[in-house]
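J.: quick one: sequence plus predicted model below, questions after.
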Amino acid sequence: MAYIITENCVGVKDAACVVVCPVDCIIATDEDDMYFIDPDICIDCGACIPECPVDAIYVVSDMPASLDQWTALNAAYFTSGREAFYGAHGDLIAAAKQKNAGGPHTNPALYQRP
Ligand code: SF4
Ligand code: SF4
């Protein structure tokens with residue numbers, strides 16, 4: 001897993017990275033508040049990084065230590081059931097959503113649902 005999406009995506013989820021990914025490995029459902037990179041499909045091309053308006057995407061080797069938890073979170077999205085994933089990581093995502101509220105790139109529609 002060389003590329004991961006971190007906290008700044010939560011509540012933004014604008015899909016700018018999705019549009020440029022050549023292998024369609026940036027995934028989310030409508031219910032998710034962020035996107036995730038499937039490590040089994042990502043070809044480590046780096047095209048997504050400059051597209052992100054909130055600098056949410058990192059090469060793991062360049063990621064600040066404060067974002068360490070997001071590596072496991074991204075991996076778990078593709079290996080856990082949905083209930084188990086949100087049971088283990090929902091609080092981290094919810095805290096990031098709260099932190100990002102009202103930012104210039106946040107999507108208000110994501111804040112108008114439970
Ligand atoms: S590094 Fe390339 S393949 Fe991997 S998620 Fe980004 S755009 Fe897609
Ligand atoms: S470009 Fe950034 S904010 Fe937009 S969906 Fe991708 S990771 Fe999230």
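T.: Everything's here; your move. Ligands and ions are numbered 1, 2, ... in the order given.
J.: gap between the worst-scoring helix or strand of the chain on mean pLDDT and the chain center?
T.: Lowest by mean pLDDT, DSSP states H and E among the helices and strands of the chain is helix 69-79, with a mean of 94. Helix 69-79 sits 10 Å away from the centroid of its parent chain (CA atoms, centre = their mean, to the nearest Å).
J.: just list what the stretch of helix or strand Asp91 belongs to packs against, helices and strands only.
T.: Element membership for Asp91 (DSSP states H and E) is helix 82-100. Under the contact criterion of 3 or more CB pairs under 8 Å, 6 or more residues apart in numbering; DSSP states H and E, helix 82-100 touches helix 69-79. To be clear about C-beta, it is placed using only N, CA and C from the backbone, and glycine gets the same treatment.
J.: tell me, how many residues neighbour Ser100?
T.: In this structure residue 100 is Asn, not Ser. Asn100 has 23 neighbouring residues, counting by other CB atoms under 10 Å.
J.: I'd like the distance between it and ligand 1.
T.: 21 Å (CB to the nearest ligand atom, to the nearest Å).
J.: for that residue, which residues are in contact?
T.: Glu7, Asn8, Val10, Gly11, Val12, Val54, Thr106 (CB atoms under 8 Å, 6 or more residues apart in numbering).
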